[in-house]
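K.L.:
Need a 3D model of the sequence below.
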Amino acid sequence: MIASLTISLFWCEELIMNPLISAASFITAGLAVELASIMDLELVKVLLRAKL
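P.N.:
From the prediction side, this is the model:
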């Protein structure tokens, strides 16, 4: 009985945590892409200034 309760609690925790971890990973990846695009844009600005 205790083992099945422990497994059930673990299963519930997994069901709750997996979507949260997935969402956090998705948000982190999006922020990384956004930061990379900002950095790339800044690099383009610097290169354009250097050529002018």
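
K.L.:
need the helices for the chain, in chain order.
P.N.:
Along the chain, the stretches classed as helices by DSSP state H are 2-51.

K.L.:
low pLDDT regions in it?
P.N.:
When the per-residue scores of the chain are filtered using pLDDT under 70, the ranges that remain are 1-17, 52.

K.L.:
Let's see that with 80 instead.
P.N.:
Across the chain, the ranges flagged by pLDDT under 80 are 1-22, 51-52.

K.L.:
So which bits of stretch 38-52 are buried?
P.N.:
Going by neighbour count (16 or more other C-beta atoms under 10 Å), nothing in stretch 38-52 comes out as buried. (Each C-beta comes from the backbone N, C-alpha and C, glycine too.)

K.L.:
Now it - C-alpha only, PDB.
P.N.:
What follows is stretch 38-52, C-alpha atoms only, in PDB (Å, rounded to 0.1, in the frame of the first residue of the first chain):
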ATOM      1  CA  ILE A  38      19.900  41.100 -30.900                       C
ATOM      2  CA  MET A  39      23.600  40.400 -30.700                       C
ATOM      3  CA  ASP A  40      23.700  39.800 -34.400                       C
ATOM      4  CA  LEU A  41      21.900  43.000 -35.100                       C
ATOM      5  CA  GLU A  42      24.300  44.900 -32.900                       C
ATOM      6  CA  LEU A  43      27.200  43.300 -34.700                       C
ATOM      7  CA  VAL A  44      25.700  44.400 -38.000                       C
ATOM      8  CA  LYS A  45      25.400  48.000 -36.700                       C
ATOM      9  CA  VAL A  46      29.100  47.900 -35.600                       C
ATOM     10  CA  LEU A  47      30.200  46.600 -38.900                       C
ATOM     11  CA  LEU A  48      28.200  49.200 -40.800                       C
ATOM     12  CA  ARG A  49      29.700  52.000 -38.600                       C
ATOM     13  CA  ALA A  50      33.200  50.700 -39.300                       C
ATOM     14  CA  LYS A  51      32.600  50.800 -43.100                       C
ATOM     15  CA  LEU A  52      31.200  54.400 -42.900                       C
END
